[in-house]
Each structure stands twice: as structure tokens, then as C-alpha cells.
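[1] dropping a prediction and its sequence here:
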Amino acid sequence: ITLSTMLKCYVEQQRFTDAIRLFHRQPQQQPRNDVCYLLFLKACIGAHCFDDGKQLIEECLAAAEGQQHTRRRYSNEFINTVIHFYGHFGCVDDALHVFNHFSSTVTAASVPAMMTCYMDNDRYADAIALFKDNDDDVSHLLFLKACLQCDEHIVD
């Protein structure tokens with residue numbers, strides 16, 4: 001059984017601390033992929049383990065900034081999970097840093113993740129501004145929700 005399979009089972013059963021322990025017990029030499037990383041971050045959210053999640057994110061950001069031939073690329077799902085992680089813990093500026101850091105690989109799916117982060121932290125005007133800069137079909141519902149909550153904005 002692979003690490004990602006076991007992590008998925010633990011996360012789905014809301015056994016978040018077991019998932020975190022399993023992740024830490026696996027030797028670093030064993031290959032870890034984005035699925036392992038995003039499941040670990042979901043477990044950190046569920047177990048309210050900010051420091052463990054932040055440490056992994058910092059390691060991943062450092063790997064993404066490596067030399068051109070060794071630079072690590074991450075999936076949009078992982079990037080969105082990082083944004084969700086920071087949003088969950090109220091670290092909107094850190095989420096925005098990740099969103100901007102990966103802006104060249106960010107797809108339309110990451111815009112709603114960042115909008116949700118803003119909205120979960122009562123920054124509705126920022127969610128609206130992001131929508132206006134990245135108008136797409138997926139973000140329309142979030143835009144409407146943000147407008148309902150934001151008294152600073154008049155819909156044009």
C-alpha cells in the first residue's frame with residue numbers, strides 16, 4: 001500500500017493525527033508526490049497543526065525555487081490546498097504570497113481558491129477585486145456571494 005493511499009484513508013476517516021504521524025514516520029528517501037503533500041496539509045487542517053503544515057509548505061516553496069534543472073513543479077490541486085490551508089488559519093497574506101508565487105502556473109481553478117480564502121477571512125472587497133481581474137465562469141458564484149457580504153462595493 002502506498003503512502004498516499006494510507007493518508008487518504010486516514011483523512012477520509014478523519015483520523016488526522018494518524019495521518020500526520022504516518023507522514024512523519026516515512027523516510028525522506030521514499031518518494032512523496034503532490035497527493036501525499038496535499039493529504040498531509042488536509043490532515044494538518046483537520047488536526048489544527050499549523051506548524052507542521054507550514055514547515056512542509058516552506059520546504060515545497062524552497063524546492064520550487066531551486067535551480068532550473070532541479071526545480072520542483074507542483075499541481076494546481078496542491079497549490080489550491082496550500083491556499084486553503086493558509087486561509088483556514090487566517091494567514092491570508094501567506095496564501096496570497098503562494099498564489100502570486102505560482103502565478104505562472106495558476107489556472108482558473110486557483111482563482112476561486114484564493115477568492116474563498118479572502119471570503120473566509122471577511123475580505124470580501126479583495127475577493128471581488130480578484131474576480132474582476134480574473135473573470136471566469138467558476139468564480140461567478142463566489143463573486144455574487146462576496147457582493148452580498150461586502151457593503152463597500154456597488155455592483156456595476
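    In hand now; what should we look at?
[2] now residue 10: closest residue in space that isn't a chain neighbour?
    Nearest non-adjacent residue to residue 10, counting by C-beta to C-beta, 6 or more residues apart in numbering: residue 19, 3.7 Å away. The way it works is simple: take the backbone N, C-alpha and C, and place the C-beta from them, glycine included.
[3] give me the number of residues near that neighbour?
    Neighbours of residue 19 under the rule other C-beta atoms under 10 Å: 25.
[4] list the buried residues of whichever strand or helix holds it.
    Element membership for residue 19 (DSSP states H and E) is helix 16-25. Under the neighbour-count criterion of 16 or more other C-beta atoms under 10 Å, helix 16-25 has 16, 18-20, 22-23 buried.
[5] ok, and what's touching that helix?
    Outside helix 16-25, the residues within contact range by C-beta atoms under 8 Å, 6 or more residues apart in numbering are 3, 6-7, 10-11, 36, 39-40, 42-47, 49, 52.
[6] ok, so of these, who is nearest residue 114?
    residue 45 (16.5 Å; C-beta to C-beta).
[7] how close does the residue lying closest to that closest one once chain neighbours are set aside sit to residue 33?
    Spatially, and ignoring its direct neighbours in sequence, residue 45 is nearest to residue 88 (5.1 Å; C-beta to C-beta, 6+ apart). With distances taken as C-beta to C-beta, to the nearest Å, residue 88 is found 22 Å from residue 33.
[8] likewise for residue 79?
    In terms of C-beta to C-beta, residue 79 sits 14 Å off from residue 33.
[9] between the two, which is the more surrounded one?
    Using other C-beta under 10 Å as the criterion, residue 79 and residue 33 rank with residue 79 on top: 25 against 13.
[10] pretty sure that one is in contact with residue 95, am I right?
    No: using C-beta atoms under 8 Å, residue 79 is not in contact with residue 95; the gap is 10.2 Å.
[11] run a quick neighbour tally on the residue nearest to residue 45.
    20.
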